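A.B. asks: next comes the sequence, and after it the predicted model I'd like to discuss.
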Amino acid sequence: MTGLAARIRLERDERGGVTVHVDGAPQSHVQLDDPTVLVFEYVQHLALAIDTCAPTRAPERLAVTHVGGAGLTLPRWVEATRPGSPQIVLEPDAHLTDLIRRELPLPRRHRIRVRAQDGLTGIRALGTDSADVVVTDAYAKGQIPAELSSAAYVQEVARTLKAGGTALWNLADEPGMHYVARVLATIRTTLPHVALIATHEVLKGKRFGNSVAVASNRPLPEDGLRREVARANLPTGLRIGPTLDRLIAGAKPLDGAGLPSPPAPDSRGWRIV
């Protein structure tokens, strides 16, 4: 347990929340008494996109596949807002999952199934047209693994989506967003309808940070996304249509190997003044 304790740390706060740190980086925040409380900004954006783009509305059930588990924050939110939704979580770190299940137990009668598989292997094993939503939110040693941005992975995600389904990626990048632009260009070769959600600071290149890519095989609800982004708790922007075209312009789609995300800088280097 010494090695596991060194890698994974649970930090509890005065409001009953728990932040899960893996390899020194915060990976999840879990509020056991109210799973609808989402602290991390990108998790709020993932939930916003599900609520706006999913083919059904709460409280109707959704078939959701999550690539990346950590504290299982988003699966808990889906269960709380759409009880009984069948969910598959692909999390290769079985020790992490065991710790989370023991220390931060899942709600009773849930339908969340965690498989100890990496994202690409797990997605390939899923049935065609099996998911309403596929969420890719996975990190290894602070970076998104290269294969989760590859053309092969995007094609497998698209295969598992039902008609009108939604694919989401949590992407981390430096100011300039060159990595994000290449991932979006890769996604758009297979899923033609794409948008990007992030705080204004990230979109304007003020700091290293997270953005959420939204993609579908059918047109996205642009008006709905604009409305919900305007209502977001933090100042948030949307890139879709011409504004997304300008971000992607000149970006070369990634090949079968993909590309890892840039490593996060020291906390002192997250913001550009």
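C.D. replies: All right, it came through fine.

A.B. asks: CA atoms for contacts and neighbours, from now on please.
C.D. replies: Noted.

A.B. asks: please report the distance of the closest residue to Ala94 other than its chain neighbours from His95.
C.D. replies: Spatially, and ignoring its direct neighbours in sequence, Ala94 is nearest to Ala116 (5.7 Å; Cα to Cα, 6 or more residues apart in numbering). Relative to His95, Ala116 is positioned 10 Å away (Cα to Cα, to the nearest Å).

A.B. asks: equivalent analysis for Ala140, please.
C.D. replies: Using Cα to Cα, we find Ala140 at a distance of 14 Å from His95.

A.B. asks: now the helix or strand harbouring His95: mean pLDDT?
C.D. replies: Using DSSP states H and E, His95 falls within helix 94-103. Model confidence over helix 94-103, given as mean pLDDT, is 92.

A.B. asks: repeat for stretch 238-252
C.D. replies: Rounded to a whole number, the mean pLDDT of stretch 238-252 is 96.

A.B. asks: quick one: distance of it to the chain centre.
C.D. replies: In terms of Cα atoms, centre = their mean, to the nearest Å, the gap separating the centre of stretch 238-252 from the centre of its chain is 20 Å.

A.B. asks: same check, this time on stretch 163-171
C.D. replies: Here the centre of stretch 163-171 is set off from its chain's centre by 9 Å, with Cα atoms, centre = their mean.

A.B. asks: export it as PDB, just CAs?
C.D. replies: C-alpha atoms of stretch 163-171 as PDB (Å, rounded to 0.1, in the frame of the first residue of the first chain):
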ATOM      1  CA  ALA A 163     -27.200   8.100 -34.500                       C
ATOM      2  CA  GLY A 164     -27.200  11.600 -33.000                       C
ATOM      3  CA  GLY A 165     -25.000  10.600 -30.200                       C
ATOM      4  CA  THR A 166     -22.400  12.900 -28.700                       C
ATOM      5  CA  ALA A 167     -18.700  12.400 -28.100                       C
ATOM      6  CA  LEU A 168     -16.800  14.600 -25.600                       C
ATOM      7  CA  TRP A 169     -13.100  15.000 -25.000                       C
ATOM      8  CA  ASN A 170     -11.500  16.800 -22.000                       C
ATOM      9  CA  LEU A 171      -8.400  18.400 -23.600                       C
END
